[in-house]
Every structure is written in C-alpha cells, then in structure tokens.
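Undergrad: after the sequence you'll find the predicted model.
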Amino acid sequence: MRPKVFVSRIIPDAGLDRVRAACEADIWLGEMPPPYDTLCERVRGVDGLLCTLNDRIDAGLMEAAGSQLKVISQMAVGYDNIDVAAAKTRGIQIGNTPGVLTDATADLAFALLLAAARRLMEGIEYIKGGQWKTWQPKALLGGDLTGATLGIIGLGRIGKAVARRAAGFEMRILAHSPSCSPQEAAKVGATLVDMEMLLRESDYVSLHVPLNSQTRGLINRETLTLMKPTAVLVNTTRGPVVDQQALYEALTQGIIGGAALDVTDPEPLPADHPLLELPNVIIVPHIGSATHRTRDKMATMAADNLIAGVMGQPLPNPVWT
C-alpha cells in the first residue's frame, strides 16, 4: 500500500509529479490556502504533509492527523508557521528547502533597492498620470548606489548574496549579524558593526533575518529614528520583522525616505491599507523566490523530503538532524 499524503497547494509539476508517482496524494485544488479546520480534516490518517508558509501547522493539527504522521515537508526556507517543538515531541520530521532560493531572493532585494533608489514606481505613475511634458532637470531625482552605504541585517546565505551584488555597485557594505565572524563577513566585502552604527550610517538597509521572538518587531519606532531621513528600508524576509505602524509613521513624518517590501504583516495586505497610498513605498506580493527555476527546485526538494519521510528514510533537507 502506498503512503497517504496531503499537499496543501498546487505546487509546480516538477515536484507534484514525484509525489503522485510515489504516494496516494490528496491535493488541495483551491486558489486560496485551505482554512485551518479544513486542513485538520484533510490530514486525518495521512503519513505525510506537504505545506506552505500560509498553513498553520500547530500541535492541534498534528493531533488531528494522528500518530502515524511521519513528516511535514515545507516548500519554503522559513518554518515559523510550524510548531517545531510539538513535532519533535511526536517524532515528526520536518523538511524545508534551503539554499535554492538564495539568488532569486537576493536578486529581488536588489531590484527593490534599485527601484526605490531611482523612484521607478513614481516615474511609471508620473507617465500614466499624464505629467510627463518634457525633460526636467530636477524631476524625480533619486539616490545613487555607487559610493553609498548598504546596511545588511542578517548575513546568512541571502544576506551574503546581496552583499556580493552590492560590491558590484562599489557600495560600502556594513552588516550586523551576531552569528557571523568578521573574517566571514570580509569575504563578501562587508564590515561587521553594531546595530546602531549600521542604522545611523546606512543609506539603504536590507533585512535578511529569520522571524523569531528576537527579530519580531526588530524594526520599530526606536530603530527607525536612528536611520537617515533619506534612507530606504528593504524587507524581503518576513513581514512581522517590521512594525508596520511605526514604518508608516516614519515614512509620512520624514523620519526615513522610503521603503520597498516583498513581505508584509498581514499577507496579503488589504487593498485599502494606508501604506499602499504612499508614493515613497514599493510593495510586491511576496515574490522573492518566484522564478521558474527556483520554484521548480523548491517543489522538487519539498517532494523529496516528503517521500523520504513517509518511506522512513532520512530527509535530504531536514530542519534538524
């Protein structure tokens, strides 16, 4: 008998075909994620679960699934939506998809940085609004990257990839990352500094930390006031790392110059949210890993974790070993 699994979203065929070939797969076909109660119902009796960041995977859901649940495979790097302690207690393996989305996310972070610096969205709206009458010497002046200072908070895989891109623009790179050594930072052209110095001296600040109890609300009223009034904040990590009300106030009061966000709190951001009305904000819908190659690889890794787990084998990419 083939193992039973539940897949909470339609993932790319590169992964889904593997799951279907190896397992008896129940797949959620809706455009929106399954509601929590529905998810609890659909996981009853399954051996494995392939889920996404949109799913709340807590002790109650694991209890609903039953004692036969062997593996939870997340199609993402982060897993703050999963109660890891509850899974460990029950002997449930957890897999994720690290490494593969590093370059795609770093590319997007730098794309947002460039777009905010050169006011691309404002330029597009300027044309659409019929305001472009002629070339103007002082119209839509933005910030330079060459010679500017980039502050990277979190010098992990993605933070280092962003640093490598910044080096190509001849930027001065500061980093705050307690788990990183000065020698390791120097390999990507970064200098480790404390958080206050980074915020005070950076023209652009890019966030690359996991969401946990230490990083939730890391960027808040106090930290925002340390930044330059012309500084731009870029967030491609997790929405709750930034206090959005404090960010809105900072942007409207001239405390910082702009923001570019791939992640928000909540997601999706309501269409009438006041941040969306600000000209100095760019917001995109959590597309850091949204390239064909990256999502195919993520789906494949998630499928391989799921299949290994239900077969009682070590996961190729376990959250813990």
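TA: Cool, got the structure.
Undergrad: tell me the centre residue of this structure?
TA: residue 237 (3.5 Å; Cα atoms, centre = their mean).
Undergrad: how close does it sit to residue 307?
TA: Distance, residue 237 to residue 307, using Cβ to Cβ, to the nearest Å: 29 Å. Just so you know, the C-beta spots here come from the backbone N, C-alpha and C atoms, and that holds for glycine as well.
Undergrad: pull out the buried positions in the helix ranked longest in the chain.
TA: Ordering each helix of the chain by length in residues (DSSP state H) puts helix 292-310 first. For helix 292-310, the neighbour count (16 or more other Cβ atoms under 10 Å) marks 294-310 as buried.
Undergrad: check which helices and strands it sits against.
TA: Secondary-structure packing of helix 292-310 (3 or more Cβ pairs under 8 Å, 6 or more residues apart in numbering; DSSP states H and E): helix 13-22, strand 48-51, strand 71-74, strand 93-95, helix 102-117.
Undergrad: give me the distance from the second one to the chain's centre.
TA: Strand 48-51 sits 20 Å away from the centroid of its parent chain (Cα atoms, centre = their mean, to the nearest Å).
Undergrad: and the last one, by the same measure?
TA: With Cα atoms, centre = their mean as the basis, the distance from the averaged C-alpha position of helix 102-117 to the chain average is 12 Å.
Undergrad: let me know the average pLDDT across it.
TA: The pLDDT scores in helix 102-117 average 98.
Undergrad: ok, back up a step: check contacts around the residue nearest to the centre of the chain.
TA: By Cβ atoms under 8 Å, 6 or more residues apart in numbering, residue 237 lies in contact with 154, 207-211, 263.
Undergrad: neighbour-wise, which one of those leads?
TA: Among the contacts of residue 237, residue 208 has the most neighbours (other Cβ atoms under 10 Å), with 26 neighbours.
Undergrad: do I have it right that that one meets residue 162?
TA: Yes. Taking contacts as Cβ atoms under 8 Å, residue 208 lies within contact range of residue 162: 6.8 Å.
Undergrad: who touches both of these two?
TA: With Cβ under 8 Å, 6+ apart as the test, residue 208 and residue 162 both reach 109, 152.
Undergrad: for stretch 71-82, buried residues please.
TA: Within stretch 71-82, the residues that count as buried by 16+ other Cβ under 10 Å are 71-79, 81-82.
Undergrad: chain center to it: distance?
TA: 13 Å.
Undergrad: same check on stretch 206-224?
TA: The answer for stretch 206-224 is 13 Å, by Cα atoms, centre = their mean.
Undergrad: list the contacts of the residue nearest to residue 22 when sequence neighbours are not counted.
TA: Leaving aside its chain neighbours, residue 22 sits nearest to residue 307 (4.8 Å; criterion: Cβ to Cβ, 6 or more residues apart in numbering). Residues near residue 307 by Cβ under 8 Å, 6+ apart: 18-19, 22-23, 48.
Undergrad: one more time with 10 Å
TA: Taking Cβ atoms under 10 Å, 6 or more residues apart in numbering, we find residue 307 in contact with 3, 5, 15, 18-19, 21-23, 48, 50, 71, 73, 313, 315-316.
Undergrad: close enough to count as contact, residue 282 and residue 236?
TA: No. Residue 282 is beyond contact range of residue 236, at 11.6 Å (criterion: Cβ atoms under 10 Å).
Undergrad: compare these two (neighbour count), which wins?
TA: residue 236 (27 against 22).
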